[in-house]
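Asker: model this:
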Amino acid sequence: MGRAPRIAWFAACACMGCSEAIPEPARFEFQTRDERLDAPAAANADVLDAGGDATAATAADAGRTLADAADAQAAGTIDVPAAEAGCPAGCDDKQPCTLDECEASACVHKSVANGKACAITGDPCTVSSCMAGVCESKTPLWQHVIGGAFEDRAAAIAAVPAAAGVSGWVAVGHDAVSASDNDSAVWRFDAAGTLMWKWVDQTSGSTRWHAVLVTASHAVVFGDLENVEGVDSQGVFATVALASGMAGTKQFKITPLSFNRFRAAAPLGVGWVAVGSTGGKSTPSNGWIAVLDADGKVYKQWNFGGQGEDVATAVVSVGDGFVVAAALGLGGVTGADIEIARYNGNGQVLWKAGAAGDTDERDPRLAALSDGGLIAAWNEGTSAAGGIYEVRIQRLDAAGKVVVNTKLSGLGKSASLRAFGLAAAPDGTLRLAGALTSGTEVNGWVAGLSPWGAVLWQELSGPDTWLGLGVAADGSIGLAGTATGTDDGAHDAVVRRADAWGRVACAKAGVCSTKSLQSCSTKSLCAADLCSATAACLKKPFPIGTACGAAQVCDAGELCATPKANTWKVITKESKFEPASFAIKAGDSVEFTLEGMHNVIEVDKQTWDVDGSLPKLGGFAVDFGAKKVVTFPTAGTYLYVCAVHAGLGMKGSIVVK
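Answerer: Okay, here's the model as predicted:
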């Protein structure tokens, strides 16, 4: 880079206090989370402001403002100082990542900020950024494999906003130092994949980070510390400066029970809410919720659950409160169930939803939607060895009512699909990440979903399991997970950047590797906005009948419209409903025509399974011998019985799609 004008160097010198003393910055009163985290930067800003005032005064004494001085120098009316005359050949080293100056008759080459763009190649598979004064060229779809002889993992990843100065990613997990000892690790990458720093917490004991949130100045991480293997553990909170990788506040969370682990976290007011599990050495764990202040100190906490193993694995901020998703009864005979609960800011339950069935439901994840609703995803199947899992997707409205209920399956009967990461994209669509297992083969899996659960695209990405994902402002995807090492068989941590459509190979992504998600968005509810490696943006219409609203589907013209409702008929014949079970679409109605000795009451699944007759609270009903039309606006399964003859198996079911 060319030699910097001396006037710019002088201003910087004045800002650093070399022309006159700088007054001590004022003391700060910290009021909010962001102010606490950003206090050092604010203090430095005061120092710079004071230096700027000194510079202006110096220029004024010389009879011109700084702007006048710069103009005069550009016009050649200011003599070059003697110190610069000692560099007659100039100091330009032709490197775009250095600031070249002449100081004391010698050339000085100072590195510009790491992560600064330094070259434009025109090749979509190449991006360039500065690192330690050198312009480095890399593929925009990069990967880091981190590991040794023991089990390592990257558990979560979050995008760093442009407000931080250098955008990129922060990933967290653990770096094993022995078979029983883990050091929790935080990795900071710039947008081009350069590792800017790594912070390892070497606290005595085995530590693991499971969740990360990013502000403009800090990474805020949550996990657990196992003091003595199999004896006790604590939830842990820490902040790490994005610019330096220096750890700030660190708090250990201790409850009356022995085993405490944070699994997920979200912002809440001026602090945070973290969730996980808490339990004793010989007692099952319960779900755990802790509300933290800006410094990570607990000011409210509680646990929930039943007799089995319970763990909360997801939390999102919603309005003035938050929503928590948990798996209840892990390890039970029939498998775990899912509970989703909405809390206000004081920790009071506003509503609950979820799923309970014969299958094993676990690993719930949540994403908040702009209309106050939620997308929930979890894995359901059989927990037996070699069991097949599918991914259940539900959309809930702001009141917790299920408006979409669907599932994603593997590529065949022997393939098991599991999701571990869920995030909202900038255009309102969703991203899922996990693994597809077929026999002994495991592949990382990433998918895009519409806000109503329709699959936009799916991508497989080699022998990996993705445990977490994040989405940047341009729609690009950060992936964190594990892969089996090729040299020692132990799992290594893997951190990867994919394009906005989930592709991790630049040769496959082509021009899409540097294309933003928004540039291809048509905002259509009835088409997938895709990107071709050669043709750039393209639109793929959904099949007719694809859900695009609470009671709307896509028609032949790619319009989201309310379909014409149908009316179905159910009659009674002896001690049976005819038909006993059938499927309809959301918005359809059912006309019940009953004989005098029969009625209809809606029941829950537990009652239906045992041929019971306990009415479901808020469920529909038809009186004895009556004729009544019942409308079903919401997707789901509705179960009903005749109260008198349920013990004889007189029951029916309606599946609303």
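Asker: which element follows the helix or strand where Val324 lies toward the C-terminus?
Answerer: In the assignment (DSSP states H and E), Val324 maps to strand 321-330. On the C-terminal side of strand 321-330, the closest following helix or strand by DSSP H and E is strand 337-343.
Asker: helices of the stretch 401-550 of the chain, start to end?
Answerer: Remark: helices assigned in the stretch 401-550 of the chain by DSSP state H, counting those that start in this stretch are 506-509.
Asker: low-confidence regions, it specifically.
Answerer: Filtered on pLDDT under 70, the stretch 401-550 of the chain yields the residue ranges 411-413, 485-489.
Asker: show me where it has strands.
Answerer: 402-408, 415-424, 430-438, 441-449, 455-460, 464-471, 477-484, 491-498, 527-532, 536-541, 547-549 (DSSP state E, counting those that start in this stretch).
Asker: mind putting those in TSV, distance to Asp609 included?
Answerer: Quick note: C-beta positions are derived from backbone N, CA and C, even for glycine. Supplementary listing: these in TSV, determined by distance: least, Cβ to Cβ, whole Å:
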stretch	distance to Asp609
strand 402-408	19
strand 415-424	26
strand 430-438	30
strand 441-449	31
strand 455-460	31
strand 464-471	34
strand 477-484	38
strand 491-498	40
strand 527-532	39
strand 536-541	41
strand 547-549	28
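Asker: Gln234 is nearest to which of those?
Answerer: Nearest to Gln234 among the strands of the stretch 401-550 of the chain is strand 464-471 (21.8 Å), distances taken as Cβ to Cβ.
Asker: now the angle from the closest one to strand 441-449?
Answerer: Per axes from the mean of the first three to the mean of the last three Cα atoms, to 10 degrees, the angle that strand 464-471 makes with strand 441-449 is 20 degrees.
Asker: how far off centre is stretch 459-470?
Answerer: 14 Å (Cα atoms, centre = their mean, to the nearest Å).
Asker: distance between the ends of it?
Answerer: 16 Å (Cα to Cα, to the nearest Å).
Asker: and if you look at stretch 619-639?
Answerer: End to end - Cα to Cα - stretch 619-639 spans 10 Å.
Asker: pLDDT of that stretch, averaged?
Answerer: The average pLDDT for stretch 619-639 rounds to 91.
Asker: starting at the chain centroid, how far to that stretch?
Answerer: For stretch 619-639 - counting by Cα atoms, centre = their mean - the centre lies 39 Å from the chain centre.
Asker: quick one on the thing from earlier: now the strands of the stretch 401-550 of the chain as TSV including distance to Lys569 and mean neighbour count?
Answerer: Shown next, in TSV, are those (distance: least, Cβ to Cβ, whole Å; neighbours: other Cβ atoms under 10 Å):
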stretch	distance to Lys569	mean neighbour count
strand 402-408	24	19
strand 415-424	38	22
strand 430-438	38	23
strand 441-449	35	21
strand 455-460	34	17
strand 464-471	47	25
strand 477-484	48	26
strand 491-498	50	25
strand 527-532	36	20
strand 536-541	34	13
strand 547-549	25	22
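Asker: among the ones you listed, which is nearest Gly387?
Answerer: Closest among the strands of the stretch 401-550 of the chain, once you apply Cβ to Cβ, is strand 415-424, at 7.1 Å.
Asker: report the angle between the axes of the closest one and strand 477-484?
Answerer: Using the same axes, to 10 degrees: strand 415-424 against strand 477-484 is 150 degrees.
Asker: check which strands are paired with strand 415-424 and give the direction for each one.
Answerer: With DSSP bridges as the test, strand 415-424 is paired with strand 430-438 (antiparallel).
Asker: got the CA coordinates for the partner strand in CSV?
Answerer: Only the C-alpha atoms of strand 430-438 are listed here, as CSV (Å, rounded to 0.1, in the frame of the first residue of the first chain):
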residue,chain,number,x,y,z
LEU,A,430,-35.7,-22.3,8.2
ARG,A,431,-32.5,-24.4,8.2
LEU,A,432,-32.1,-27.9,9.7
ALA,A,433,-28.9,-29.8,10.2
GLY,A,434,-28.1,-33.3,11.5
ALA,A,435,-27.2,-36.7,10.1
LEU,A,436,-28.5,-39.4,7.8
THR,A,437,-27.5,-42.9,8.8
SER,A,438,-27.8,-45.9,6.5
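Asker: report pLDDT for the residue nearest to Ser111 when sequence neighbours are not counted.
Answerer: Nearest non-adjacent residue to Ser111, counting by Cβ to Cβ, 6 or more residues apart in numbering: Gly133, 3.5 Å away. If you check Gly133, the pLDDT there is 86.
Asker: same question, Ala41
Answerer: 36.
Asker: try Glu226
Answerer: Glu226 is assigned a predicted lDDT (pLDDT) of 78.
Asker: let me see the contact set for it.
Answerer: With contact set as Cβ atoms under 8 Å, 6 or more residues apart in numbering, Glu226 has these partners: Gly205, Ser206, Thr207, Asp232, Ser233.
Asker: check whether Gln95 really touches Gly133, as I assumed.
Answerer: Yes - the pair Gln95 and Gly133 passes the contact test of Cβ atoms under 8 Å, sitting 7.0 Å apart.
Asker: any common contacting residues for those two?
Answerer: His109.
Asker: quickly note the distance from the residue nearest to Ser111 to Thr98.
Answerer: With the distance defined as Cβ to Cβ, to the nearest Å, Gly133 ends up 5 Å from Thr98.
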